[in-house]
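Asker: Quick one, what's the 3D model for this:
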Amino acid sequence: MDICQAMYEKYAGADWDYFDPNEQLYNEVMKNRNAYIMQQMSLNGEAEKTLEGNFIEEMYYTICRNNGRYELKELEEKANQGDAEAQFKMGDYYQWDANPRDIATAIKWYERAANNEHRGGQYALGLCYSSGNGVAESFEKGLELLEKAAEKGYAPAQYFVGEMYYYGDDENDNKGKDYEKALKWHEKSAEQGYAPSQVELAVKLLSIHKHDISLLKKAQVLIETAIKSNKLSEDVLERAKDVQSFIDISLTKLI
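Answerer: Residues are numbered from 1 along each chain as shown. The predicted structure is shown next:
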């Protein structure tokens, strides 16, 4: 008997697209799926997949999908009961994982989380307002929400607050620009080891105090730390390396 035939005979006649995502069934499918994969590997991949083998694959993906539905239902129940973390996660689900994505529903959940003083909800909603994603763009509203999350110690929010104070509102003659506050928030974020802020703080120190040796050395340490963290995107990493070269050249000239 084929390694998956028993599973096929047991479930082929059922409406298996609606199987409950219980642990016992999941373990049974995983055991047989893994065994089937090992069987195919032992044949060096030369054997065609059997009807039963294809069926077990479909069961596996269906159970994973149904399990996700089940978890989402539980999460929504918690969110409706006032759980701020669940409300934030519901927002993230509708913004990033739903098919199709639904930014309007995401914002409703983010608003509920933010109203419950959840820093993630305040952060996500603040980004939506600052970029005009699903809501009317508002520099002031975005900054207000992001600053609330930043005050709760959330490093990514501190980063964005630093950026907003540094550049100001570009739709309103850069209103709100405040270099002192920008440096303060990037400093707070950098102290938590948030690599993007370490890079931005270094860049901003150079732009404001590029002839101060002590600040150049501080910027040098920040850049080196950020690069060693391996937590930078490719474009930010390239920028960090360019800044590092600039600092090294500048220090050579000044010392």
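
Asker: in this protein, what spans have low per-residue confidence?
Answerer: Scanning the chain with the threshold set as pLDDT under 70 gives 1-70, 210, 255.

Asker: and residue 82, how many neighbours?
Answerer: Residues within reach of residue 82, counting by other CB atoms under 10 Å, total 10. All C-beta spots, glycine's among them, are computed from the backbone N, C-alpha and C.

Asker: Provide the backbone phi and psi angles at the spatially closest residue to it that is not a sequence neighbour.
Answerer: Of all residues not flanking residue 82 in the chain, residue 116 sits nearest, at 7.0 Å (CB to CB, 6 or more residues apart in numbering). In terms of degrees, to the nearest 10, the main-chain angles of residue 116 are phi -90, psi 20.

Asker: What of residue 175?
Answerer: Dihedral angles of residue 175 (phi, psi; degrees, to the nearest 10) stand at phi -60, psi 140.

Asker: Next: residue 192.
Answerer: Main-chain dihedrals, residue 192, degrees, to the nearest 10: phi -90, psi 0.

Asker: And residue 137, by the same measure?
Answerer: According to degrees, to the nearest 10, residue 137 has phi -60, psi 130.

Asker: residues touching it, list them.
Answerer: Shown in contact with residue 137 (CB atoms under 8 Å, 6 or more residues apart in numbering): 129, 130, 131, 171.

Asker: quick one: residue 75 from residue 205, how far?
Answerer: Residue 75 sits 43 Å away from residue 205, taking CB to CB, to the nearest Å as the criterion.

Asker: buried set for stretch 236-255?
Answerer: Residues of stretch 236-255 classed as buried by neighbour count (16 or more other CB atoms under 10 Å): 236, 237, 239, 240, 243, 244, 246, 247, 250.

Asker: returning to what we had before: taking the contacts of residue 137, please make a ChimeraX selection of just the buried ones.
Answerer: Burial among the contacts of residue 137 is assessed by 16+ other CB under 10 Å; the matching ChimeraX selection reads:
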select :129,130
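
Asker: In strands only, show me the contacts of residue 137.
Answerer: With DSSP state E as the criterion, strands contain none of the contacts of residue 137.

Asker: So which of the contacts of residue 137 are in helices?
Answerer: The helices, defined by DSSP state H, take in 129, 130, 131 from the contacts of residue 137.

Asker: now the helices for the stretch 1-150 of the chain?
Answerer: 5-11, 23-42, 51-80, 84-92, 103-115, 119-131, 139-151 (DSSP state H, counting those that start in this stretch).

Asker: Break the chain into its domains for me.
Answerer: The record assigns the chain these domain ranges, following automatic domain parsing: 1-81, 82-189, 193-255.

Asker: isn't residue 194 right next to residue 158, touching?
Answerer: Yes: between residue 194 and residue 158 there is a contact under CB atoms under 8 Å: 7.3 Å.

Asker: So between those two, which is more surrounded?
Answerer: The neighbour count for residue 194 versus residue 158, taken as other CB under 10 Å, is higher for residue 158 (28 against 22).
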